[in-house]
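Asks: predicted structure and sequence below. I'll ask about it afterward.
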Amino acid sequence: MTIALLLIVCYLLGAIPAGLWLGKIFFKKNLHDFGSGNTGTTNTFRVLGAKAGVAVFIFDLLKGTLATLLPIFFHVHGISPLIFGLFAVIGHTISIFDHFHGGKAVATSAGVVLGFNPLFLLYILLIFLIVLFLFSMISLSSISAAVAALIGIAIFPAFHFILPHYDLIFSVIILVLAGIIIFRHQSNVKRIKNRNESVIPWGLNLSKQHKI
């Protein structure tokens, strides 16, 4: 019973559309009507500004972290904390509070990894920042970080680097999270191919995207 209740709580926690509510309450703007129409961190930055973007990023990140830590706080055994984190990500992407729409799962997925293995998140973050500097695209950086995570779970345990051994549950959850992130960025991939993806005013923009 406790496990079922906590899973529901984690879904509802993840389902809180921070960007959407922040925009409506404080800026009188519906994020669905601006930019990409997404309610996540990137579109919040673009539409509502840096302060709102940072606030939404931190909130979405901590949703994943808190969900992953909740079973530990409640001394729940027999089920991996990562399952609870996954429910938060599902809530974030398919939110009951937003007509089952949601974000692209990047920040909340990062929060799940933060709650379970902070060093692995540092590795993913490093890849994200390198790609961001080279290409100036949040979307490509997010996809690259997801792919890097998949490479990490496949290779690192063999060398006992960051991941001391192969962990089936961790590997499966990372596979699912990476799959969600890549799937949710399909429209971005098309724009990248057409060289009209949104870029940030930082980095080298090596692929010469034209949309700012």
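Replies: Looks like it arrived, so ask away.

Asks: next secondary structure after the helix or strand bottoming out on mean pLDDT in the chain?
Replies: Across the helices and strands of the chain, mean pLDDT, DSSP states H and E gives its lowest value to helix 41-48, namely a mean of 92. Once the chain leaves helix 41-48, the next helix or strand it forms, by DSSP states H and E, is helix 50-73.

Asks: give me the buried positions along that following helix.
Replies: Within helix 50-73, the residues scored as buried using 16 or more other C-beta atoms under 10 Å are 52-53, 55-57, 59-71. All C-beta spots, glycine's among them, are computed from the backbone N, C-alpha and C.

Asks: likewise for stretch 175-186?
Replies: Residues of stretch 175-186 classed as buried by neighbour count (16+ other C-beta under 10 Å): 177-178, 180-182, 184-185.

Asks: quick one: that stretch to chain centroid distance?
Replies: 9 Å (C-alpha atoms, centre = their mean, to the nearest Å).

Asks: and for stretch 93-107?
Replies: With C-alpha atoms, centre = their mean as the basis, stretch 93-107 stands 11 Å off its chain's centre.

Asks: need the distance between the two termini of it.
Replies: End-to-end distance for stretch 93-107, by C-alpha to C-alpha, to the nearest Å: 11 Å.

Asks: next up, the contacts around Phe133.
Replies: Phe133 makes contact with 202-204, according to C-beta atoms under 8 Å, 6 or more residues apart in numbering.

Asks: can I get the residues you listed in JSON lines with distance to Gly23, secondary structure and pLDDT?
Replies: Formatted as JSON lines, the contacts of Phe133 follow (distance: C-beta to C-beta, whole Å; DSSP: H, G, I helix; E, B strand; the rest coil; pLDDT from 0 to 100):
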{"residue": "Trp202", "distance to Gly23": "24", "secondary structure": "coil", "pLDDT": "92"}
{"residue": "Gly203", "distance to Gly23": "26", "secondary structure": "coil", "pLDDT": "95"}
{"residue": "Leu204", "distance to Gly23": "31", "secondary structure": "coil", "pLDDT": "96"}
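
Asks: neighbour-wise, which of those leads?
Replies: The most crowded member of the contacts of Phe133, judged by other C-beta atoms under 10 Å, is Gly203 (17 neighbours).

Asks: okay, that residue and Gln209: tell me how far apart.
Replies: Using C-beta to C-beta, to the nearest Å, Gly203 is found at 11 Å from Gln209.
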